[in-house]
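Novice: Sequence and predicted structure are below.
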Amino acid sequence: MSGFKKFLLRGNIVELAVAVVIGAAFGGLVQAVVADFITPLVKAITGGAEESFGELKFTINDSEFAYGHFLNTLLSFLIIAGVVYWLVVTPMTRLVAMFEKDKVATEKKCPECLSDVPIEARRCAFCTSDLTPAAAERPPA
């Protein structure tokens with residue numbers, strides 16, 4: 001039982017649970033914005049039918065196709081994906097690029113097999129080709 005307790009109290013599990021709850025609440029908020037503001041605006045612009053935009057549907061052979069509900073869900077998805085991209089992915093990409101810019105290269109490519117080898121290596125560990133720099137590349141003695 002103590003192993004299970006440790007598993008539940010680890011930081012990652014608690015953070016993940018909080019993220020899921022916040023994500024669900026955010027999803028509900030976006031759905032409300034789409035249903036209450038965006039779809040009525042689209043309906044007003046396009047001169048929609050008497051019924052609610054989310055209830056728009058057509059019938060073929062007694063089968064109803066609720067395309068209004070699909071459009072509401074699609075708009076919700078696009079808004080959530082946009083927010084995640086611009087508020088999470090883009091800043092993280094910039095942050096990672098900032099840290100990698102200051103990173104000093106410790107490896108080079110072998111010209112024969114294109115494997116990564118340490119910069120100081122004189123022979124490739126993979127194909128055993130000679131990696132000594134050419135005379136022009138060698139530092140002065």
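Specialist: Structure's in. What do you need?
Novice: All the strands of the protein, in order from the start?
Specialist: 58-60, 63-65, 107-109, 116-118 (DSSP state E).
Novice: now those strands in a markdown table, with distance to Ile22, mean pLDDT and mean neighbour count?
Specialist: Bear in mind the C-beta positions are built from the backbone N, C-alpha and C, glycine included. Formatted as a markdown table, the strands of the chain follow (distance: least, Cβ to Cβ, whole Å; pLDDT from 0 to 100; neighbours: other Cβ atoms under 10 Å):
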| stretch | distance to Ile22 | mean pLDDT | mean neighbour count |
| --- | --- | --- | --- |
| strand 58-60 | 37 | 87 | 8 |
| strand 63-65 | 34 | 87 | 10 |
| strand 107-109 | 40 | 87 | 12 |
| strand 116-118 | 40 | 89 | 14 |
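Novice: JSON lines for those, including distance to Met1?
Specialist: Below are the strands of the chain laid out as JSON lines (distance: least, Cβ to Cβ, whole Å):
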{"stretch": "strand 58-60", "distance to Met1": "57"}
{"stretch": "strand 63-65", "distance to Met1": "52"}
{"stretch": "strand 107-109", "distance to Met1": "47"}
{"stretch": "strand 116-118", "distance to Met1": "46"}
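Novice: Of those strands, which is nearest Trp86?
Specialist: Trp86 lies closest, by Cβ to Cβ, to one member of the strands of the chain: strand 63-65, at 32.8 Å.
Novice: Give me the contact list for that closest one.
Specialist: With Cβ atoms under 8 Å, 6 or more residues apart in numbering as the test, strand 63-65 has contacts from 57-59.
Novice: who does it pair up with?
Specialist: strand 58-60 (antiparallel) (DSSP bridges).
Novice: what comes into contact with the strand it pairs with?
Specialist: Applying Cβ under 8 Å, 6+ apart, the contact partners of strand 58-60 are 64-65, 67.
Novice: Between these, which sits nearest Leu8?
Specialist: The closest of the contacts of strand 58-60, once distances to Leu8 are taken by Cβ to Cβ, is Tyr67, at 43.7 Å.
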